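Q: take a look and give me a structure for this.
(2 chains)
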Amino acid sequence: MPPGALGAAGYNRCLDDTALKMQEKYQPSQIEPQLQRRWEAQQAYAAREDDPRPKYYCLSMFPYPSGKLHMGHVRNYTIGDVLARYHRMKGCNVLQPMGWDAFGLPAENAALANNVPPAEWTYKNIDHMRTQLKALGLAIDWRREIATCKPEYYRWEQWLFTRLFKKGLIYKKTATVNWDPVDATVLANEQVIDGRGWRSGAPVEKRDIPMYFFRITRYADELLQELDNLPGWPEQVRTMQKNWIGKSYGVRFAFKVAAKGDTSPPSPLAGEGGGEGELLWVYTTRADTLMGVTFVAVAAEHPLAAYAARHNPELAAFIEECKQGGVAEAEIAALEKKGMDTGLKVVHPLTGEAIPVWVGNYVLMGYGEGAVMAVPAHDERDFHFAKTYGLPIKQVISEKGERGREKGFSADAWEEWYAGKTGYCVHSGKYDGLGYGAAVDAIAADLKALGFGDKQVQFRLRDWGISRQRYWGCPIPIIHCASCGDVPVPEDHLPVVLPENVTITGRGSPLAKMPEFYQCNCPQCGRPARRETDTMDTFVESSWYYARYACPDAASMLDERARHWLPVDQYVGGIEHAILHLLYARFFHKLMRDEGLVPGNEPFTHLLTQGMVVAPTFYREGANGKKQWINPAEVDVKTDERGRPLGATLLADGRPVTLGATEKMSKSKNNGVDPQTLIDTYGADTARLFMMFAAPPDQQLEWSDAGVEGAHRFLKRLWKAVYDHVSQGPVAAYAGGELSGPLRELRRQIHQTLAKVDDDLGRRKQFNTAIAAVMELMNAIAKCDETGATARGVAQEALEKIVLMLAPIVPHISEALWTELKPGAALPEEPWPMADAAALVQEEIELVLQVNGKLRGQFRVPSAADKAAIEAAALVSEAAQKALGGAAPKKVIVVPGRLVNIVA
RNA sequence: GCCGGGAUGGCGGAAUCGGUAGACGCAGCGGACUCAAAAUCCGCCGCCCUUAAAAGCGUGGGGGUUCGAGUCCCCCUCCCGGCACCA
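A: Got it, this is the predicted structure:
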């Protein structure tokens, strides 16, 4: 039932009047649970499709149920809730749902540590965290709660999978994973520590295994193009996605692997098996430097490397060495660049020159062709590689520098301009003098004429491998049949239910050890077959949950309610999801659109990426040099008389501890502050206010106990101000009539604050400055000592507006105070207050006088004064006279409404 | 390594379109109230010189554009996020 349907009288009838009767003291522990119970009983935040008001779908990234809420959650969900409540007051039909990203690795880790089945652990965590979330007073429609580990949810993911599989949007190929040879298990990147398995300690190896892939590259162009149609997204996120997709225009061509003494050009009919006479394909965006190629580098896994190593034990050993270590790109990119000559040569396609082929540990098989042409003179990485191994460096690009003189090239040291595209070809025969574009065109044309190369558009984005050799995930709905191949599970056999009673050993894949799970019959031929035992990447669940909230009980994947609510108007979540999650969700939206399930091309109209919550760290070093991290709650920090930290001691023993860096709150650094303690001590409103006040939402937020007390102090002051005001008897808010100067000024500030807060919450989404403006207004009220009925009327107006402006941020205290200020009225029905333009008018304004850009004084002018009048007023001002000393100014710059700058 | 951010008093931050740097809060200092403490209220609070006023300096470092730069441009340092199996 929408709050409006009850009416103010009906809403207030649910009030326990005695318990909410105004106390002199602010007691959040009394107010908050009572209001939360009332909201729940009234279904005050249930969202309905038949509501005629414009819809506003406000979504915060759903949490992984790790055990208990952390500060990052409190921040994320408060931001979302402020926006949801603000838009509700603005007259929108708001949907704000909540659910659980319930599949994932930590449940299996917990199972290993505590011997609890992942399902049980997860459900227990969900129950606890739901209670915690409710204590925050979020305006959530809890009827729509979903958990991705429930078959009712993931069955539709399996259903979509089978549809996409039949469409050819899912395919199988091998991919490289981290392999722990001792635990016989595939490891996640975070489980590889310094090249070793986190539990076994064994050196990790790269291993190729078959996997299912989503053809996200088929949508690469659209995913890129549509970024320009997302003005509600932060520029930095769009830039990151653009670079991630990485559309490039280049040339794909082949070298022929030379048989001894053979310098003839390759034949287009040659094979690509990796032997002599066959083709070695590469892709380059710098075809203009083709004449400067001095070697070719292939990945250790490239067939040509294996071919060259057949009778070369040293090379074989090097290739083995390259297979050591994990697959994480960050790790590989940070490795020392190593390589070895294969002894093989390829033929330069244009010059016929023999070019050596090297194996390089920095060339990755999964990227492009797994082979690159190397131009040391014009690529920094190739340059350093060539220097290390004494390979030739051949300049083929030059550039004009100062006064049109040619820049000097030296193979001794790398310079930035070597890699530039603004020069022209040199030492390149017929291509000499051509610029970047013309040279690429000419060389591409020549390669094409030879029949083994052409221009090609390429993306950095790779297809999305979704197979995981894990238990706690959505089973991939495929049956492997010896005669029919990979057969998708038919619709009427879905869902493929994940068994919940399992024992996790940390060795191998649990489902692959459960015949009762994998033994089945082929849906096509009926013969015994084997069910796929891999589960899906958990990013798959989080790629479409936003749509399921619209219709959590639908008897299909989505129904018409998804068309009503989508797209999400406002999405709120951590910046760490800027690329992967947000790109996958955009991709899924397009997949679902093409299935006719969702409207529009993009899932999220506006995006707010919030910063992390950080806190100081404290530690002691053990005898073995290992740091023992101490929680900030167990530490007493001593400061000097200016508040600078002098040192810290452990409360338990009074002995010193070391103050470490301020870092993201984490288990590993033991610097997390439990939000539960905060809520228990000060109430949810204080927690919310502090989170919104301490930093702008997109910046990192530093935890501060003192800051929390400051936020609590403000709420106590607000409470007392209303109490004192109400105690003097009821009064109507000022509605017109003569005002004294100070009261007119106070009223002007009330309405100036209304305009500011509306802009901050609506357009800027910057809550700290909105709160600061309200605090300033509170200070102004306290300073105003006008008395009488009119003054009380203005005070009533001020307090009413303050309570309404704060309602989205601190909903409990606001609702309690509203009942006192306007007996019989219900806050959830109040519209957002708008500034009265008439109250903002000023007769005179103060401008700044600068001399040579430096502040030298102030002067007053009528607010209607034009430029000439302002200049005249400035020149006769005391400060101007003093600065000029009778001389005429050289120049006068007038910025109306701001300042006058006199150039003397 | 590559891509994207960030750096402003003792601290968190403000300055929204190139126009008064430090709003608001915290900490600190001084005072009021109190038998006392806590709470609360009032005042001060960038650095430097100073009795004071005034001047000077000041937004990570170096250079530039401009009447005027925290904001724009170039170079550098450090910190943070992401890098495809943490979520």
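
Q: so the longest helix seen in chain A, near RNA strand B or not?
A: Longest helix of chain A, by residue count under DSSP state H: helix A:705-727. Yes - judged by Cβ under 7 Å from any atom of the strand, helix A:705-727 comes into contact with RNA strand B at A:Ala706, A:Gly707, A:Glu709, A:Gly710, A:Ala711, A:Arg713, A:Phe714, A:Lys716, A:Arg717. Every C-beta, even on glycine, is put in place using the N, C-alpha and C of the backbone.

Q: who in the stretch 801-904 of chain A is up against RNA strand B?
A: Checking the stretch 801-904 of chain A against RNA strand B by Cβ under 7 Å from any atom of the strand, the hits are A:846, A:848, A:850, A:852-856, A:858, A:891, A:893, A:895, A:898-899, A:901, A:903.

Q: make it 6 Å
A: A:Val848, A:Gln850, A:Asn852, A:Gly853, A:Leu855, A:Lys891, A:Ile893, A:Val895, A:Arg898, A:Leu899, A:Asn901, A:Val903 (Cβ under 6 Å from any atom of the strand).

Q: the fifth one bridge partners, please.
A: By that I understand A:Leu855. Taking DSSP bridges as the rule, A:Leu855 bridges to A:Gln850.

Q: contact partners of the next helix or strand after the longest helix of chain A?
A: As assigned by DSSP states H and E, the chain's next helix or strand after helix A:705-727 is helix A:741-759. Helix A:741-759 is contacted from outside by A:734, A:739, A:769-770, A:773-774, A:776-777, A:780-781, A:784, A:786, A:790-791, A:794, A:797-798, A:801, A:805, A:832-837, A:839-842, using Cβ atoms under 8 Å, 6 or more residues apart in numbering.

Q: return the distance of helix A:741-759 from the chain's centre.
A: The chain centroid and the centroid of helix A:741-759 are separated by 36 Å under Cα atoms, centre = their mean, to the nearest Å.

Q: what of stretch A:185-202?
A: 26 Å.

Q: do it and RNA strand B meet?
A: Yes - legend: contact between stretch A:185-202 and RNA strand B by Cβ under 6 Å from any atom of the strand is shown at A:Val186, A:Ala188, A:Asn189, A:Glu190.

Q: and the residue lying closest to the second one once chain neighbours are set aside, how many residues sit next to it?
A: What it means is A:Ala188. Setting aside the residues directly before and after it, A:Ala188 is nearest to A:Leu105 in space (Cβ to Cβ, 6 or more residues apart in numbering), at 6.1 Å. A:Leu105 has 17 neighbours, counted by other Cβ atoms under 10 Å.

Q: now A:Val94
A: So A:Val94, with other Cβ under 10 Å, has 27 neighbours.

Q: next: A:Ser863.
A: Neighbour tally, A:Ser863, other Cβ under 10 Å: 12.

Q: was I right to think it contacts A:Gln842?
A: Yes - in this structure A:Ser863 lies within contact range of A:Gln842 using Cβ atoms under 8 Å: 5.2 Å.

Q: up against RNA strand B, what does the stretch 201-350 of chain A have?
A: Counting by Cβ under 6 Å from any atom of the strand, the stretch 201-350 of chain A sits next to RNA strand B at A:Gln236, A:Thr239, A:Met240, A:Asn243, A:Ala328, A:Glu329, A:Ala330, A:Ala333, A:Ala334.

Q: out of these, which are buried?
A: A:Met240 (16 or more other Cβ atoms under 10 Å).

Q: just the ones in helices from the residues of the stretch 201-350 of chain A next to RNA strand B, please.
A: Short answer: these in helices (DSSP H) are A:Gln236, A:Thr239, A:Met240, A:Asn243, A:Glu329, A:Ala330, A:Ala333, A:Ala334.

Q: quick one: residues contacting the third one.
A: Contacts here follow Cβ under 8 Å, 6+ apart; on that basis A:Met240 touches A:Ala578, A:Ile579.

Q: and it, how far from A:Glu576?
A: Between A:Met240 and A:Glu576 the computed distance is 11 Å (Cβ to Cβ, to the nearest Å).

Q: what does the fourth one give?
A: A:Asn243 sits 16 Å away from A:Glu576 when distances are taken as Cβ to Cβ.

Q: can you check the last one too?
A: When distance is defined by Cβ to Cβ, A:Ala334 is 20 Å away from A:Glu576.

Q: now A:Glu797
A: 44 Å.

Q: before we move on, back to that, can you tell me how far the residue nearest to A:Ala188 is from A:Lys124?
A: 17 Å.

Q: before we move on, what about A:Pro523?
A: 36 Å.

Q: higher neighbour count, these two?
A: Neighbours per residue, other Cβ under 10 Å: of A:Pro523 and A:Lys124, the larger number sits with A:Pro523, 16 against 13.

Q: that one and A:Asp492 touch, don't they?
A: No - using Cβ under 8 Å, A:Pro523 is not in contact with A:Asp492, being 9.6 Å away.

Q: residues in contact with the residue of the stretch 101-250 of chain A at minimum distance from RNA strand B?
A: Proximity of the stretch 101-250 of chain A to RNA strand B (Cβ to the nearest atom of the strand) peaks at A:Gly104, 2.9 Å away. For A:Gly104, the contact set (Cβ under 8 Å, 6+ apart) comprises A:Tyr64, A:Trp472, A:Gly473, A:Thr538.

Q: in ChimeraX, select just the buried ones from the contacts of helix A:741-759.
A: Per 16+ other Cβ under 10 Å, the buried members of those correspond to this ChimeraX selection:
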select /A:734,739,770,773,774,777,780,781,784,790,791,794,797,798,801,805,832,833,835,839
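
Q: tally of neighbours for the spatially closest residue to A:Tyr723 that is not a sequence neighbour?
A: Leaving out its chain neighbours, the residue that sits closest to A:Tyr723 by Cβ to Cβ, 6+ apart is A:Glu24, at 5.8 Å. Neighbourhood size, A:Glu24 [other Cβ under 10 Å]: 10.

Q: part of a strand, is A:Glu24?
A: No - A:Glu24: not assigned to a strand; according to DSSP: H, G, I helix; E, B strand; the rest coil it is coil.

Q: return the backbone torsion pair for it.
A: The phi and psi values for A:Glu24, taken as degrees, to the nearest 10, are phi -70, psi -30.

Q: measure it to A:Glu815 for me?
A: A:Glu24 is 18 Å from A:Glu815, by Cβ to Cβ.

Q: tabulate the residues of stretch A:185-202 next to RNA strand B (TSV), appending pLDDT and neighbour count.
A: Below are the residues of stretch A:185-202 next to RNA strand B laid out as TSV (pLDDT from 0 to 100; neighbours: other Cβ atoms under 10 Å):
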residue	pLDDT	neighbour count
A:Val186	95	19
A:Ala188	95	14
A:Asn189	95	13
A:Glu190	91	9
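
Q: next up, the contacts around A:Ile140.
A: Here A:Ile140 is in contact with A:Tyr45, A:Asp81, A:Gln96, A:Pro97, A:Met98, A:Leu133 (Cβ under 8 Å, 6+ apart).

Q: okay, now the spatially closest residue to it that is not a sequence neighbour: neighbour count?
A: Distance criterion Cβ to Cβ, 6+ apart; nearest residue to A:Ile140, sequence neighbours excluded, is A:Met98 at 4.8 Å. A:Met98 has 22 neighbours, counted by other Cβ under 10 Å.

Q: could you report the pLDDT at A:Met98?
A: Predicted confidence (pLDDT) for A:Met98: 98.
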